[in-house]
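Engineer: Give the three-dimensional model of this entry:
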Amino acid sequence: MEQETQTAGAKKASSREKAGSQAYSIREKMSSSASPFPYLAPAFAPVSFPAPEYLFYSPTLLQLDLNIYREPVIKSLIKKHSEDLYRLIKKTHFDGKYYQVKSVRSGGWEYCWELAVRVEFFGKLQGLAFEPERVISRKRKKITFRYLILVNPHELWDEELVERLWNIQERIEFLTAKILFHECIHVFISLEKTLPSGLGQTDISLEFREVLEFANSGKLCPESYGVKLHIQNLSALSPASPESSAGKPGIVSEIYEFLIHEKYSIKKTDQAFGFSWSNRKISRNYARMAALKMAPCSDSNKKDWEREVFRLSRDVEELYDRIDSTYVFLL
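Structural biologist: Just a heads-up that it's a prediction; the model follows:
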């Protein structure tokens, strides 16, 4: 009998699953793509895990049928700005099912990458890109990485967007394309990290490496130092537990890379679709997410934790401003 083993890319985030303790697993709901599920409980950890309060529905949104969007239109909008990202979703339908998007052979093993995309309302977040679930078949000498993207076009009534696109169908398609573009950047960079050595050399991955190297260079001191210091302080404030990532070796570098990754994805998406967010808004959102990626705030040190999150957001804003003013992104 063939023996297969499954390992989630981030089992270490099991504490984060407590946010949806009342909820259904995403995988349990993937079989029913027509109906939305009432709560979000990740079966494997998202690349950007938000605060629990972001994971619940706004009941008023559930009355709108999202099925009026046209997949070819959404894909063409993405293709217009990135052939690489278009190839990633070209064979994928937005029904929550997994589709193979890439396959290579190396060292006697077959490596496959599958992607599932689902469009639905699930709270205040625009989208979630999950770290891959890895499925290993030793008998077949095959490793499959399964990615999941959830797209939540809940900002359909944003004033600027409504002024630009009066038609609700076109608005859904534009917003879905923009969110999917952003999340696909996350998946694309993550996917290339799982490729066998020497195979990940696209413009997106190369540029992100350059941005990350630049963000770690002395050119961004003292901004980078301040951000890393506050990450370290938050790690020290987080309660120690086997489920927490706080205090683990390399946590500062990991969270810092997360913040740079988000900045890069947002910048590239803004270049393509417009409707830019200010660095102040971005830094507020992602400083809190960065803190929650380590561990939730405990009641005993809530004030100190909130104060440190505020300081982190302030320094992240300054870091993002410096990146914008000194690094030239490819168009």
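Engineer: List the contacts of K263.
Structural biologist: Applying C-beta atoms under 8 Å, 6 or more residues apart in numbering, we find K263 in contact with V211, I282, Y320, I323. For every residue, glycine as well, the C-beta is placed using N, CA and C.
Engineer: The first one: neighbouring residues, count only.
Structural biologist: For V211, the neighbour count with other C-beta atoms under 10 Å is 19.
Engineer: According to the record, where do the domains of the chain fall?
Structural biologist: The record's domain split for the chain, according to automatic domain parsing, is 4-194, 203-326.
Engineer: mean confidence for the longest one?
Structural biologist: The average pLDDT for domain 4-194 rounds to 75.
Engineer: Please name the bridge partners of the most centrally placed residue in the chain.
Structural biologist: Centroid check for the chain by C-alpha atoms, centre = their mean gives A129 as the closest residue, at 3.8 Å. The partner list for A129 in beta bridges (DSSP bridges) reads I149.
Engineer: And stretch 272-279, end to end?
Structural biologist: 17 Å (C-alpha to C-alpha, to the nearest Å).
Engineer: which residues are in contact with that stretch?
Structural biologist: 80-82, 158, 160-161, 174, 177-178, 181, 266, 270, 317, 320-321, 324.
Engineer: do that again at 6 Å, thanks
Structural biologist: H81, K178, D270, E317, Y320, D321 (C-beta atoms under 6 Å, 6 or more residues apart in numbering).
Engineer: residues touching the first one, list them.
Structural biologist: Think H81. A272.
Engineer: now with 10 Å?
Structural biologist: Neighbour list for H81: A177, K178, F181, K268, T269, Q271, A272, F273, L331 [criterion: C-beta atoms under 10 Å, 6 or more residues apart in numbering].
Engineer: ok, and the fourth one, which helix or strand is that part of?
Structural biologist: Counting by DSSP states H and E, the secondary-structure element that holds K268 is helix 251-273.
Engineer: returning to what we had before: tell me the spacing between the residue nearest to the centre of the chain and H186.
Structural biologist: 4 Å (C-beta to C-beta, to the nearest Å).
Engineer: I'd say Y264 and L212 touch.
Structural biologist: Yes - Y264 lies in contact with L212 (C-beta atoms under 10 Å); the separation is 8.0 Å.
Engineer: what residues are shared contacts of these two?
Structural biologist: I189.
Engineer: Which residue of those two possesses the greater neighbour count?
Structural biologist: When neighbours are counted by other C-beta under 10 Å, Y264 and L212 differ, and Y264 comes out ahead with 23 against 16.
Engineer: so what pLDDT did the more buried one get?
Structural biologist: 94.
Engineer: Contacts only, for it.
Structural biologist: Residues in contact with Y264, defined by C-beta under 10 Å, 6+ apart, are 185-186, 189, 204, 207-208, 210-212, 215, 323, 327, 329.
Engineer: Among these, name the buried ones.
Structural biologist: I185, H186, I189, I204, E207, F208, V211, L212, A215, I323, Y327 (16 or more other C-beta atoms under 10 Å).
Engineer: Now tabulate those residues in a markdown table and tack on secondary structure.
Structural biologist: Output for the buried ones among the contacts of Y264, formatted as a markdown table (DSSP: H, G, I helix; E, B strand; the rest coil):
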| residue | secondary structure |
| --- | --- |
| I185 | helix |
| H186 | helix |
| I189 | helix |
| I204 | helix |
| E207 | helix |
| F208 | helix |
| V211 | helix |
| L212 | helix |
| A215 | helix |
| I323 | helix |
| Y327 | coil |
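Engineer: Need the max-distance pair from the residues you listed.
Structural biologist: Using C-beta to C-beta, the pair of those lying farthest apart is H186 and Y327, separated by 19.3 Å.
Engineer: how about the helices of the chain, start to end?
Structural biologist: Applying DSSP state H to the chain gives helices spanning 26-29, 71-81, 83-89, 159-164, 168-194, 203-215, 223-237, 251-273, 279-294, 302-326.
Engineer: Figure out how far the fourth one is from the centre of its chain.
Structural biologist: It refers to helix 159-164. 25 Å (C-alpha atoms, centre = their mean, to the nearest Å).
Engineer: Mind listing what's buried along it?
Structural biologist: For helix 159-164, by 16+ other C-beta under 10 Å, it's L161.
Engineer: same deal with the longest one?
Structural biologist: Applying a neighbour-count criterion of 16+ other C-beta under 10 Å, the buried positions in helix 168-194 are 171-192, 194.
Engineer: repeat for the last one
Structural biologist: Taking 16+ other C-beta under 10 Å as the neighbour-count basis, helix 302-326 is seen to contain the buried residues 305, 308-309, 311-320, 322-323.
Engineer: can I assume C184 is in contact with I204?
Structural biologist: Yes - between C184 and I204 there is a contact at 9.4 Å, judged by C-beta under 10 Å.
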